[in-house]
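[1] Would you be able to build a 3D model of this:
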Amino acid sequence: MNITFILPGYPSEPSGGFRVVYEYANHLVERGHEVSVVHPAYTYSSGHPIYRSTSPRIDWQYIHEKVRMIYAPSLDEKYIPDADAVIATAWFTADYVHHYSHRKGKKFYFIQSFVTWYGFDKVKRTWLLPLNKIVISKWLYQLGLKFGVPVTDITYIPNAIDHNKFRLINPISKRPKTIAMLYSRIRIKGSCDGIKALQLAKMAIPDLHAVLFGVPKRSTEIPGWMDYIQTPSQEDLVDKIYNGSSIYLCSSWNEGWGLPASEAMACGCAVVSTKNGGSEEFCIHNQTALLSPPKNPDELAKNLILLLKNDPLRMKIAENGLQYIRKFNYNKSTDLMESHLLSIVKQK
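    This next block holds a predicted model:
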């Protein structure tokens, strides 16, 4: 097959959504398919395009040499290669793909989240376009059905983890009282709740240590006793942060999937998370994680304290999570993606 992914812009910084697309592109070219990834020369901020004059340097993600990386002035059809399948990957790319001619291929919409800061109705409308929807989690699948997407137009293909990258290095039994957490300025990531939960846990367990990481510079809302690592390398993220922590804290209000939590789980962290939709794909309460409602730092803190005071329980949760997350791998997910694309492409 000849496949084109349409990304929403240049990746100005590491992005989980972009990473997933690049991973699929890598695995599909390894199977003999021709894959192009189109990047329009802008990113979106507050719903408005910010144009970029130079193509980015993507040093945070491996890109197979056979993947054709296209940096286009816009998403106008004249810049899009002819293909068997063309895949929108964000709400505003869906409109472009919808209007492309048949020469660009059968039309798909790869949905990794449902975010409404661009407008609920504006985003929802794209779900109802006549595109073949692919969603990464069961809650997004159910949301699509609720919106009125026909069951024949939506397919669930779970996200995956590269277990060669995200792996256990430091034994689960020998972890320090360190909690890792992604810090983000995006409100729905709930970083303010996570920080408050960590402060509450620190009051109960004074020797608790916390390490936060993220893309932005260190914020003044991060207390001085917490470490902060800006844009850690892949090696540091796996070796020092995930494998150097006993617990990973996810305080998001809403997640399409929750890549950092699943990566940390694959590295041996016991996960404490909110019930945010996406994380519940791999976080099963009292089995592979401890869960609590979003926007409730007190409950997050209780679960952190419970694991820090009960090491056998922490190790059990971590071991169960480590085994469970292995079912989500790129061999299986690429099998599903390849099979689904082929089934639609072969239709007349």
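[2] Residue 320: neighbour count?
    Neighbour count of residue 320, defined by other CB atoms under 10 Å: 17. Every residue, glycine included, has its C-beta placed from N, CA and C.
[3] Three-state assignment for it, please.
    helix (DSSP: H, G, I helix; E, B strand; the rest coil).
[4] Touching, it and residue 287? I think so.
    Yes: using CB atoms under 8 Å, residue 320 is in contact with residue 287, at 5.4 Å.
[5] joint contacts of these two?
    Common neighbours of residue 320 and residue 287 (criterion: CB atoms under 8 Å, 6 or more residues apart in numbering): none identified.
[6] how about the helices in the stretch 151-300 of the chain?
    191-204, 234-236, 259-266, 297-309 (DSSP state H, counting those that start in this stretch).
[7] which one of the ones you listed has the lowest average pLDDT?
    The weakest mean pLDDT among those belongs to helix 234-236, with a mean of 94.
[8] Low-confidence stretches in the stretch 1-150 of the chain?
    Applying pLDDT under 70 to the stretch 1-150 of the chain flags the ranges 43-54.
[9] quick one: the strands in it?
    All strands of the stretch 1-150 of the chain, identified by DSSP state E, counting those that start in this stretch, fall at 2-6, 34-40, 42-45, 48-51, 68-72, 85-88, 106-111, 132-135.
[10] any idea which of the helices of the stretch 151-300 of the chain is most buried?
    Of all the helices of the stretch 151-300 of the chain, helix 259-266 has the most neighbours on average by mean count of other CB atoms under 10 Å, namely a mean of 27.
[11] helices or strands up against that one?
    helix 16-30, strand 247-250, strand 270-274, helix 311-325 (3 or more CB pairs under 8 Å, 6 or more residues apart in numbering; DSSP states H and E).
[12] Can I get stretch 309-317 as CSV, trimmed to CA atoms?
    Taking C-alpha atoms only, stretch 309-317 is exported to CSV below (Å, rounded to 0.1, in the frame of the first residue of the first chain):
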residue,chain,number,x,y,z
LYS,A,309,3.5,2.7,53.3
ASN,A,310,2.7,-0.8,51.9
ASP,A,311,5.7,-2.0,49.9
PRO,A,312,4.3,-5.5,49.1
LEU,A,313,1.2,-3.8,47.6
ARG,A,314,3.3,-1.4,45.6
MET,A,315,5.4,-4.3,44.2
LYS,A,316,2.2,-6.3,43.4
ILE,A,317,0.6,-3.4,41.6
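[13] would TSV of the strands of the stretch 1-150 of the chain with mean neighbour count and distance to residue 254 be doable?
    Converted to TSV, these look like this (neighbours: other CB atoms under 10 Å; distance: least, CB to CB, whole Å):
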stretch	mean neighbour count	distance to residue 254
strand 2-6	24	24
strand 34-40	22	26
strand 42-45	16	18
strand 48-51	12	23
strand 68-72	16	30
strand 85-88	26	21
strand 106-111	24	14
strand 132-135	23	14
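[14] Adding distance to residue 198, write the ones you listed out as CSV.
    Formatted as CSV, those follow (distance: least, CB to CB, whole Å):
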stretch, distance to residue 198
strand 2-6, 37
strand 34-40, 36
strand 42-45, 29
strand 48-51, 33
strand 68-72, 39
strand 85-88, 38
strand 106-111, 32
strand 132-135, 32
